[in-house]
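Q: let me see the structure of the following:
(one chain, ligands or ions: 2)
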Amino acid sequence: MSVLTAVTAQNSRGVQGAWPLPAEAVRAQFRSVMDDIGVQAVKTGMLASAELVETVAELLADVDAPVVCDPVGISKHGDALLAASARDALRLKLLPLATVATPNLDEVAWLTGVRVHGESDLRRAAGAVLELGAAVGPGEGRAPGGGRRGPAHGTGRRSGGCGRRGMTTGICTGRGGTLASAIASGLARGLSVPDAVASAKEYVTGAIAAGFALGEGIGPVDHGWRWREG
Ligand SMILES: Nc1ncnc2c1ncn2[C@@H]1O[C@H](COP(=O)(O)OP(=O)(O)O)[C@@H](O)[C@H]1O
Ligand SMILES: Cc1ncc(COP(=O)(O)OP(=O)(O)O)c(N)n1
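A: Numbers count the residues shown, from 1 in each chain. Ligands and ions are numbered 1, 2, ... in the order given. The predicted structure follows:
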């Protein structure tokens, strides 16, 4: 079940517009889900503004289920998806509630101040995320030194897609969100955190490998790769 926090207009070329929903709309959707259906695990994504980060943190404080926080900051194309003024709220109010956090390398830098230049920095970055309160640190993100993120790495139709041949860069949209959602699904099924992360990592690797061209820009990961591979 979803609680929408913002509406975006976006495609493979970038984000053309973003409209945060009123906090009242987020609260009402949350109650609709919680009071009827319930929740086994939560995944947070784009929260857009300080007000929405604070609203979501307030709502999740009373939830007795694991929370996976994907601290979405900017899109693959460099479009801002979180106001700079919301970073403190995310650091101080939401991350302490997280069972697992999945910042990419850019997100870990603004969250913690730790810049990852090589593998040896990863443990330090994970430690800094843990200090913010999340139980598990960052995803590995792109390989350190593996090139800049952004449309320059476009993997759409013109550059052959994100698929198998693209795995050295693996640039496609939806990687971080897919990883975080897959971890939350594993936790909802009762897996331990390490098992949920391992299973999600395997899933996102397959989804990136099967990523496909769509539109003229950066194509998506393929969420259905397991069905297609039989
Ligand atoms: N080149 C790649 N090859 C294989 N897996 C990758 C690659 N790039 C990213 N991933 C996987 O996708 C996850 C999310 O990517 P990351 O860069 O952290 O997030 P985002 O897509 O939000 O920038 C990583 O933790 C990793 O498991
Ligand atoms: C509404 C919304 N949420 C998150 C994103 C980020 O997506 P993307 O740029 O593909 O990055 P990852 O999902 O890979 O972190 C978005 N564009 N829109």
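
Q: so residue 29 sits right up against residue 22, yeah?
A: No - here residue 29 lies out of contact with residue 22, judged by Cβ atoms under 8 Å, at a distance of 10.9 Å. C-betas here are computed from N, CA, C, even on glycine.

Q: who has more neighbours, these two?
A: Higher neighbour count among residue 29 and residue 22: residue 29, with 17 against 11, using other Cβ atoms under 10 Å.

Q: what's the pLDDT at the closest residue to the more buried one other than its chain neighbours?
A: Leaving aside its chain neighbours, residue 29 sits nearest to residue 3 (4.3 Å; criterion: Cβ to Cβ, 6 or more residues apart in numbering). What the model reports as pLDDT for residue 3 is 98.

Q: got it, and residue 135?
A: 70.

Q: now do the contacts for it.
A: The neighbourhood of residue 135, defined by Cβ atoms under 8 Å, 6 or more residues apart in numbering, consists of 98, 99, 100, 193.

Q: among the residues you listed, which are in strands?
A: residue 100 (DSSP state E).

Q: ok, and the most crowded of the contacts of residue 135?
A: Neighbour max across those (other Cβ under 10 Å) = residue 100, 27 neighbours.

Q: wait, isn't that one in contact with residue 182?
A: No - counting by Cβ under 8 Å, residue 182 is not a contact partner of residue 100; they are 11.0 Å apart.

Q: if I look at those two, which residues touch both of them?
A: By Cβ under 8 Å, 6+ apart, residue 100 and residue 182 have these common neighbours: residue 196.

Q: how many neighbours does residue 9 have?
A: 10.

Q: which ones are touching it?
A: Neighbouring residues of residue 9 by Cβ under 8 Å, 6+ apart: 15, 16, 17, 18.

Q: nearest to ligand 2, of those?
A: Relative to ligand 2, the closest of those is residue 15; by Cβ to the nearest ligand atom it sits at 6.1 Å.

Q: what residues are bridge-paired with the closest one?
A: residue 10 (DSSP bridges).

Q: that one touches residue 81, doesn't it?
A: Yes - the pair residue 15 / residue 81 is scored as a contact, 7.2 Å apart, by Cβ under 8 Å.

Q: what is in contact with those two at once?
A: Residues touching both residue 15 and residue 81 by Cβ under 8 Å, 6+ apart: 8, 75.

Q: quick revisit: tabulate the contacts of residue 9 in TSV, adding columns for distance to residue 173.
A: Below are those laid out as TSV (distance: Cβ to Cβ, whole Å):
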residue	distance to residue 173
15	10
16	14
17	17
18	15
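
Q: neighbour-wise, give me the winner out of these.
A: Using other Cβ under 10 Å as the neighbour test, the contacts of residue 9 are led by residue 15, with 18 neighbours.

Q: got the contact list for it?
A: Counting by Cβ under 8 Å, 6+ apart, residue 15 touches 8, 9, 75, 77, 79, 81.

Q: pull out the buried members of these.
A: Applying 16 or more other Cβ atoms under 10 Å to these, the neighbour count classes 8, 75, 77, 81 as buried.
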